[in-house]
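1. the sequence and its predicted three-dimensional model are supplied below.
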Amino acid sequence: MEDFFSAVAGVRRIGVPATERHAWPIFPACFAATPPHRASRAVRVARRAAHLERNPMSQTASPVRNRAGLWALTATHAANDFYTGAVAALLPFFVLHANYTYAAVAGITLAATALSSVAQPMFGHLSDKYGMRWMSLAGLLAAGIGVAISGLVSDSYLAVWIVIAISGIGVAAYHPAATMEAREAGGGTSGAMSLFSVGGNVGVALAPSAVILVVGWYGLNGTWLLLIPAIVLGLVYAIMSWRHLFARTKPAAAATHDLAKQVKVGDDWRAFGWLTLVLAMWSIAYVGTSTFVSLYSIERFHTTPEFASIALSLFPAAGAIGTLVGGWLADRFGRLRTVRTGYLVAALSTAAIVLAPTSVIVIVATAALGVSLFIPFAAQITLSHSYLPNRIGVASGVTLGLTLSLGGVVSPLLGKIADHNSVQLVFVVMTVLVAVGFALSFVLKERSIEPHHVLTTADDADETEEARA
């Protein structure tokens, strides 16, 4: 019996990849047909080669270490990105009740993202260097306060622009610090990062319904009620993490130093630059759809703002599904295939919005766009981390924050197109840009991190080298 338990322990000790263990979710590892430590050398090499091809970074990941903390962070991510969605949902009401032009509401989108685009890399650098946990909570509260005040000062466009800009800076401050803490809480696993990312999709999806409820009952003067999610979930997070709220997360540089004996690692800025360019196309499509999809249905099909907001609600909700599906696809078929498939289907979905004969088809096509546009999301995050393993905060700041800012910078140009032509032409432009992103995705390359001294025996190390060869 003692030998039996020693054998089972051996299976876990030699570093069987997590995805292989999960392949038999209802059976313990000891019931595998051929335990990995007893398989022939050729079989073990083949298994390791297949796993490394599917998930080249998996050997550096650790099991989830703090599930409660990860769920709390996911909830705060939902609250934080709720305010990104709230800004988009408020735009039709600024047009209808405050008589803003399309260019003016696109300028509000710019306010939410312009300063954020400058601040995002700075916040990422600070997170890499100092690991400031409290910055995620401060950013969440700033994001909520800015949106809450916006309706109260809607008579002044400049005042609205300023408070929305403050909200955007808060969103920018939140992402790098929270992403680093999520990596720490989740042990760096792809599943943990997918869960954290889905929280943002859920928050954006809930925002339109909340805005309609609040503005529908109280008008723009009721936007102060939108501060409730930030206060409630921020308080929950503070209570759960008060002991280490002002402690430092482990900076990326320090973590890399600790792993020096395990991983030979370097930053590939060229590859990261290409990924950023691809993400810029993604950003324009995401921000453009969030800004104009409701206005498109109102202008072309003369629907009510309430009906038009259905597409805006479904877009991020479908994105949550796409994020989960994309993570599954990336693990099984590779990250680059997943990214390319997502962009191709997204281009077709955007074209479907342009050609839609009814507002119902717009809703369906927008849902399809939400799924396809977010299929590459998790893969793009892990690619950015593999390109800049020594600067996780900067990589996270760009993939989770700066990309949205880039889309916001272009948003006023899209607004001018809508004012001088039509909102339909805006979606034609976005179709072309998503197709460009699909083409650029073929420039991207896979990158694996070479592990050293992670495997238990020299034979295992030799097997990994043979598998890579």
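-> Thanks, I have the structure now. A quick note: this is a predicted structure, and the numbers were derived from the prediction, not measured.
2. list the contacts for the closest residue to Pro305 other than its chain neighbours?
-> Closest residue to Pro305 apart from its sequence neighbours, by Cβ to Cβ, 6 or more residues apart in numbering: Pro92 at 4.7 Å. C-beta coordinates here come from the backbone N, C-alpha and C atoms, glycine included. If you count contacts by Cβ atoms under 8 Å, 6 or more residues apart in numbering, Pro92 has them with 294-295, 298, 305, 308-309.
3. now Gly144. Nearest residue, chain neighbours left out?
-> Nearest in space to Gly144, with sequence neighbours left out and distances taken as Cβ to Cβ, 6+ apart, is Ala230 at 2.9 Å.
4. can you check Ala68 too?
-> Using Cβ to Cβ, 6+ apart, the closest residue to Ala68 is Met240 (6.6 Å).
5. pLDDT weak spots in this protein?
-> In the predicted model, the chain carries pLDDT under 70 at residues 1-65, 115, 117, 120-121, 124-132, 183, 186-191, 243-265, 400-405, 448-469.
6. in it, which residue is closest to the centre?
-> In the chain, the residue lying closest to the centroid (Cα atoms, centre = their mean) is Ser197, at 4.6 Å.
7. all helices for the stretch 301-450 of the chain, in order.
-> Applying DSSP state H, counting those that start in this stretch to the stretch 301-450 of the chain gives helices spanning 305-333, 335-355, 359-374, 377-387, 392-397, 403-420, 423-440.
8. which strands or helices does the second one pack on?
-> For helix 335-355, the elements it packs on are helix 269-301, helix 305-333, helix 359-374, helix 377-387, helix 423-440, judged by 3 or more Cβ pairs under 8 Å, 6 or more residues apart in numbering; DSSP states H and E.
9. enumerate every residue touching Gln424.
-> Gln424 neighbours (Cβ under 8 Å, 6+ apart): 296, 299-300, 354.
10. look up how far Leu414 lies from it.
-> The spacing between Gln424 and Leu414, counted by Cβ to Cβ, to the nearest Å, is 12 Å.
11. what of Val215?
-> Val215 sits 24 Å away from Leu414, going by Cβ to Cβ.
12. try His385
-> The spacing between His385 and Leu414, counted by Cβ to Cβ, is 31 Å.
13. next one: Gly266
-> Taking Cβ to Cβ, one finds Gly266 at 38 Å from Leu414.
14. so between the two, which is more surrounded?
-> Set Gly266 next to Leu414 and count neighbours by other Cβ atoms under 10 Å: Leu414 wins out with 25 against 11.
15. quick one: what helix or strand has the residue nearest to Val232 when sequence neighbours are not counted in it?
-> Residue nearest to Val232 in three dimensions, not counting chain neighbours: Ala79, with 7.9 Å by Cβ to Cβ, 6+ apart. Under the criterion of DSSP states H and E, Ala79 resides in helix 67-97.
16. relative to helix 403-420, how tilted is that helix?
-> Per axes from the mean of the first three to the mean of the last three Cα atoms, to 10 degrees, the angle that helix 67-97 makes with helix 403-420 is 20 degrees.
17. return the distance of helix 67-97 from the chain's centre.
-> 13 Å (Cα atoms, centre = their mean, to the nearest Å).
18. that helix vs helix 269-301, what angle?
-> Going by the same axes, to 10 degrees, helix 67-97 makes 40 degrees with helix 269-301.
19. please point out which parts of helix 67-97 sit buried.
-> Using 16 or more other Cβ atoms under 10 Å as the test for burial, helix 67-97 gives 69-70, 72-95.
20. the helix or strand harbouring Tyr174 - contacts with which helices or strands?
-> According to DSSP H and E, Tyr174 maps onto helix 157-186. Identification of packing neighbours for helix 157-186 by 3+ Cβ pairs under 8 Å, 6+ apart yields helix 67-97, helix 102-130, helix 134-150, helix 190-218, helix 392-397, helix 403-420.
21. out of those, indicate the one that is most buried.
-> helix 392-397 (a mean of 28; mean count of other Cβ atoms under 10 Å).
22. out of the contacts of Gln424, which is most surrounded?
-> Tyr296 (26 neighbours).
23. list the buried residues for stretch 349-357?
-> 349-354, 356.
24. as JSON lines, those residues with distance to Gly144 would be great.
-> As requested, the buried residues of stretch 349-357 are exported to JSON lines (distance: Cβ to Cβ, whole Å):
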{"residue": "Ser349", "distance to Gly144": "32"}
{"residue": "Thr350", "distance to Gly144": "31"}
{"residue": "Ala351", "distance to Gly144": "36"}
{"residue": "Ala352", "distance to Gly144": "35"}
{"residue": "Ile353", "distance to Gly144": "31"}
{"residue": "Val354", "distance to Gly144": "35"}
{"residue": "Ala356", "distance to Gly144": "35"}
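25. neighbour-wise, which one of the contacts of Pro92 leads?
-> Within these, most neighbours by other Cβ under 10 Å means Ser294, with 30 neighbours.
26. in contact with Ala346, which residues?
-> Neighbours of Ala346 in contact, by Cβ under 8 Å, 6+ apart: 285, 369, 372-373, 434, 438.
27. hmm, 7 Å instead?
-> 285, 369, 372-373, 434 (Cβ atoms under 7 Å, 6 or more residues apart in numbering).
28. right, and the pair among those residues with maximum separation?
-> Farthest pair in those (Cβ to Cβ) is Ala285 and Ser372. Separation: 10.0 Å.
29. so which of the helices of the stretch 301-450 of the chain is nearest Gly139?
-> Nearest of those to Gly139, taken as Cβ to Cβ: helix 392-397 at 11.5 Å.
30. alpha carbons of stretch 309-329, as CSV, please.
-> Only the C-alpha atoms of stretch 309-329 are listed here, as CSV (Å, rounded to 0.1, in the frame of the first residue of the first chain):
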residue,chain,number,x,y,z
SER,A,309,-29.1,49.0,-26.1
ILE,A,310,-29.9,45.3,-26.4
ALA,A,311,-27.0,44.9,-28.8
LEU,A,312,-24.7,46.9,-26.5
SER,A,313,-25.6,44.6,-23.6
LEU,A,314,-25.1,41.4,-25.7
PHE,A,315,-21.8,42.5,-27.1
PRO,A,316,-19.7,42.2,-23.8
ALA,A,317,-21.8,39.3,-22.6
ALA,A,318,-20.9,37.4,-25.8
GLY,A,319,-17.4,38.6,-25.2
ALA,A,320,-17.3,36.7,-21.9
ILE,A,321,-18.3,33.5,-23.7
GLY,A,322,-15.7,34.2,-26.4
THR,A,323,-13.0,34.7,-23.7
LEU,A,324,-13.7,31.3,-22.2
VAL,A,325,-14.0,29.5,-25.5
GLY,A,326,-10.8,31.2,-26.7
GLY,A,327,-8.8,30.0,-23.7
TRP,A,328,-10.0,26.4,-24.4
LEU,A,329,-9.1,26.7,-28.1
